[in-house]
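[1] Predicted coordinates and the sequence they were generated for:
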Amino acid sequence: MDKAERRQALLRAARTVFSEKGYHEAKVDDIVALAKVAKGTFYLYFPDKRSVFGELVRGLFSRLGGAILRVDPSADVEAQVKHNIRAIVAVLLDDSALTSILLSHAAGLDPAFVKELRAFRQEVKLLLQQSLAEGQRLGVIEPGDTELYATFTIGALKEVLFENALEEQARPRERIVTALYDFLRRGYLRMDPAAGLAARRPEGERAAPATGDASGEAPERASPSRGRRARSRGD
């Protein structure tokens, strides 16, 4: 087994131990026993338990980032949004143990660990905020505070995942995806990007009505830059 394989074996073992025992009860001894390596080998790759947990968190965050695709407003917006929700739910549910640890309230148990959890949550929130801001630019997200939108969305998703973990029979994933989509559609989602973009244009930049002039030709559409120059001249 080469170094890269041994490192991956330690990460897989750590994920399993965290899943079975939780972060605070898990020990390096448990991880090396499951990975079938000497304890000293663990410290060749990770200085402590928290560092191996941090590596798992970074991997999860990377998968979350890769799961969110940019929405093309000229295509089927509903299908694309559902795809993004489905992909995010899949990433979190496929690593449900790590997700449960990350979303849990562990205040007071380990200040350094809690600090890392908060940092991860902030990264996830920032990732969602950026996606929402891009959605506003494309006209598929209602204007408003993207930070609060992100907080509401993460809160809803968090409770759904917690409930799913506690239920004896987990809800079907597609049911979760559909319910989350319906929830967001009644909130900040806009399924008519063209109308959303039109509503966001400053008054001076909206297209002139296509009534045509005396020659029967439609008037030329003013560009934003021309509109700004006209206002600067006082026309």
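    Cool, the structure landed. Residues are numbered from 1 along each chain as shown.

[2] can we go C-alpha only for contacts and neighbour counts from here?
    Fine.

[3] contacting residues for the nearest residue to Lys49 once chain neighbours are set aside?
    Spatially, and ignoring its direct neighbours in sequence, Lys49 is nearest to Val28 (6.2 Å; CA to CA, 6 or more residues apart in numbering). For Val28, the set of contacting residues under the criterion of CA atoms under 8 Å, 6 or more residues apart in numbering consists of 39, 42, 48-49.

[4] Against Thr16, how distant is Val28?
    From Val28 across to Thr16, the span is 12 Å (CA to CA, to the nearest Å).

[5] quick one, phi/psi of Ile141?
    Backbone dihedrals for Ile141, given as degrees, to the nearest 10, come out at phi -120, psi 130.

[6] Can you say which of the contacts of Val28 are buried?
    Buried members of the contacts of Val28, counted by 16 or more other CA atoms under 10 Å: 42, 49.

[7] So which residues of this structure form helices?
    If DSSP state H is used as the criterion, the helices of the chain fall at 3-25, 28-35, 39-45, 49-67, 77-94, 96-103, 111-138, 146-166, 173-185, 193-200, 224-233.

[8] quick one: contacts of the first one?
    Applying CA under 8 Å, 6+ apart, the contact partners of helix 3-25 are 26, 30-32, 34-35, 42, 45, 52-53, 56, 97-98, 101.

[9] how about a cut-off of 10 Å?
    Contact with helix 3-25 is made by 1, 26-28, 30-37, 41-42, 44-46, 49-50, 52-53, 55-56, 95-102, 106, 109-110, 113, as judged by CA atoms under 10 Å, 6 or more residues apart in numbering.

[10] Before I go, just wanted to say thanks for your time.
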